[in-house]
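> Pasting a predicted model and its sequence here:
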Amino acid sequence: MSDTSTVNTESTFKEQQKMAISARNINVVYATPTGDIPAVRNVDIDLPRGSITGIIGESGSGKSTLIMAIMNAVTKPGKITSGSVLLNGENDMLQLSSEKQRKIRGKEIGFVFQAAQNSLNPLRRIGQQILDLGRAHEVHDLRALIKYAKELLIRLGLDADRVLASFQHELSGGMRQRVGIMFSLVLNANIVFLDESTTALDMLSQASVLEIIRELQKEKNLTIAFVSHDIGVIADLSERIEIFYAGEIVEEGKTSEVLASPKHPYTKGLIKAIPKISGDIDAAEPLKGSSPDYRTFKQEGCLFYDRCPIRTDSCRDSRPELNITSGYHKVACFRVDAND
Ligand SMILES: Nc1ncnc2c1ncn2[C@@H]1O[C@H](COP(=O)(O)OP(=O)(O)OP(=O)(O)O)[C@@H](O)[C@H]1O
């Protein structure tokens with residue numbers, strides 16, 4: 001007699017092995033004087049190898065916290081209260097020693113945080129900081145490392161020699177963001193997290209940096225997670241999309257499918273709010289209301305209830321789970337089939 005739970009566990013395991021990152025049941029809380037903020041709740045997320053995933057949601061929805069949690073880099077007052085993060089189907093990032101995690105961050109996982117602009121060392125030239133990074137990760141051929149850094153900087157449209165000789169205050173915001181992208185790639189990490197990495201760039205520079213990210217992704221078969229407020233950027237760059245609302249994923253799937261046929265009223269609202277996507281500037285409608293206050297939102301009921309144009313009474317009583325609508329497309333809404 002076959003044991004279905006064993007079969008399921010085995011197939012789940014095989015699926016997870018194809019994933020560069022497979023995170024389950026991630027919960028993160030920030031302790032504040034006025035109470036705990038449950039910033040990320042029960043999130044499952046997979047990043048298939050060699051794919052670009054866009055993560056989008058309003059400010060404060062927990063996107064950056066999720067990325068930090070995946071890297072086990074949440075700092076006080078934040079705390080990961082549960083979860084597991086398998087890297088290439090093995091090594092749970094949340095269980096490794098801090099030394100092993102530090103080695104993985106940088107060498108296997110590259111990242112550019114929103115704060116990249118301020119995360120460079122103000123007292124060391126960029127070139128020296130690349131050498132510091134190389135030494136910290138036991139890179140033997142530091143000359144080759146600098147050569148590769150220069151190549152990346154040139155591809156990113158910068159004067160490499162000048163940048164290497166500069167301190168951060170000598171670089172503009174946009175230049176610092178490009179330098180951040182170079183740092184995330186220079187150790188040849190296969191997995192790269194880019195958190196709002198192109199927001200300080202003007203439209204044209206943003207388009208060219210996105211093009212370079214796309215090229216590098218193809219060349220090196222990188223797995224990229226890209227966090228943005230800008231659904232246009234995500235539509236342009238990512239194959240998969242995760243829609244984040246108030247600490248939870250409310251819709252996910254192939255980007256083309258989700259944007260062509262959004263199911264969650266929040267996703268529909270995001271799309272309507274963007275003139276670029278809706279095609280007609282006058283037709284763009286800003287999303288009404290604001291996301292729930294973490295300190296006061298009720299545990300039961302849909303998180304989007306107060307803002308939802310298609311809510312019913314039952315949406316107030318219980319929380320919809322993220323369920324498959326078709327293929328990889330999942331949505332957390334009781335009213336998936338409602339017309340609006
Ligand atoms: N250090 C902190 N202390 C207390 N609360 C925090 C801290 N960092 C984040 N939070 C709270 O956690 C929630 C999620 O924040 P997070 O920065 O992850 O959101 P986000 O979606 O990345 O926002 P943004 O797009 O503005 O960067 C927010 O309500 C925020 O106020």
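Here it is on my side, so go on.
> tell me the SS of the most centrally placed residue in the chain?
By C-alpha atoms, centre = their mean, the chain has its centre lying nearest to Val227, at 4.0 Å. State at Val227, reduced to three classes by DSSP: H, G, I helix; E, B strand; the rest coil: strand.
> For Asp159, see how far away it is.
Distance, Val227 to Asp159, by C-beta to C-beta, to the nearest Å: 28 Å. For glycine as for every other residue, the C-beta is placed from the backbone atoms N, C-alpha and C.
> which bits of the chain sit near the ligand?
Counting by C-beta under 6 Å from any ligand atom, the chain comes close to the ligand at 30, 32, 37, 39, 57, 59-65, 77-78, 114, 229, 294.
> 8 Å instead?
30-32, 37, 39-40, 57-68, 75-78, 114, 195-196, 227, 229, 244, 247, 294 (C-beta under 8 Å from any ligand atom).
> Give me the subset of the residues you listed that lies in helices.
63-68 (DSSP state H).
> which stretches of the stretch 151-300 of the chain have low pLDDT?
Within the stretch 151-300 of the chain, the stretches with pLDDT under 70 are 197-201, 275-284, 295-299.
> And the strands in it?
For the stretch 151-300 of the chain, strands defined by DSSP state E, counting those that start in this stretch occupy the ranges 191-195, 223-228, 240-245, 248-254.
> Next, format those as JSON lines and append distance to Gln177.
Supplementary listing: the strands of the stretch 151-300 of the chain in JSON lines, determined by distance: least, C-beta to C-beta, whole Å:
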{"stretch": "strand 191-195", "distance to Gln177": "10"}
{"stretch": "strand 223-228", "distance to Gln177": "13"}
{"stretch": "strand 240-245", "distance to Gln177": "22"}
{"stretch": "strand 248-254", "distance to Gln177": "26"}
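> residue contacts, Ser184?
110-112, 192-194 (C-beta atoms under 8 Å, 6 or more residues apart in numbering).
> got the buried residues for stretch 203-223?
205-206, 208-210, 212-213, 216-217, 222-223 (16 or more other C-beta atoms under 10 Å).
> now swap in stretch 76-96 and tell me
Within stretch 76-96, the residues that count as buried by 16+ other C-beta under 10 Å are 78, 80, 83, 85-89, 93-94, 96.
> swap in stretch 326-335?
329-335.
> swap in stretch 230-239?
Of the residues in stretch 230-239, 230-231, 233-238 count as buried by neighbour count, 16+ other C-beta under 10 Å.
> packing partners for the longest helix along the chain?
Identified as the longest helix of the chain according to DSSP H is helix 203-220. Applying 3 or more C-beta pairs under 8 Å, 6 or more residues apart in numbering; DSSP states H and E, one finds that helix 203-220 contacts helix 142-155, helix 173-186, strand 223-228, helix 231-237.
> got the CA coordinates for that helix in PDB?
Output in PDB follows, covering the C-alpha atoms of helix 203-220 (Å, rounded to 0.1, in the frame of the first residue of the first chain):
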ATOM      1  CA  MET A 203      13.500  57.000 -16.600                       C
ATOM      2  CA  LEU A 204      16.200  56.600 -19.400                       C
ATOM      3  CA  SER A 205      18.900  55.400 -17.000                       C
ATOM      4  CA  GLN A 206      16.400  53.100 -15.300                       C
ATOM      5  CA  ALA A 207      15.500  51.500 -18.700                       C
ATOM      6  CA  SER A 208      19.200  51.000 -19.500                       C
ATOM      7  CA  VAL A 209      20.100  49.500 -16.100                       C
ATOM      8  CA  LEU A 210      17.100  47.200 -16.400                       C
ATOM      9  CA  GLU A 211      18.300  46.100 -19.800                       C
ATOM     10  CA  ILE A 212      21.700  45.300 -18.400                       C
ATOM     11  CA  ILE A 213      20.200  43.300 -15.500                       C
ATOM     12  CA  ARG A 214      18.200  41.300 -18.100                       C
ATOM     13  CA  GLU A 215      21.300  40.700 -20.200                       C
ATOM     14  CA  LEU A 216      23.300  39.600 -17.200                       C
ATOM     15  CA  GLN A 217      20.500  37.400 -16.000                       C
ATOM     16  CA  LYS A 218      20.400  35.600 -19.300                       C
ATOM     17  CA  GLU A 219      24.200  35.300 -19.600                       C
ATOM     18  CA  LYS A 220      24.600  33.800 -16.100                       C
END
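> Run the chain-centre distance for that helix.
17 Å (C-alpha atoms, centre = their mean, to the nearest Å).
> got it, and stretch 63-71?
For stretch 63-71, the distance to the chain centre is 7 Å (C-alpha atoms, centre = their mean).
> for the stretch 1-150 of the chain, which spans come out with low pLDDT?
For the stretch 1-150 of the chain, the ranges with pLDDT under 70 are 1-17, 113-119.
> before we move on, back to that, take the buried residues of stretch 326-335 and keep only those in strands.
Judged by DSSP state E, the buried residues of stretch 326-335 include 329-331 as members of strands.
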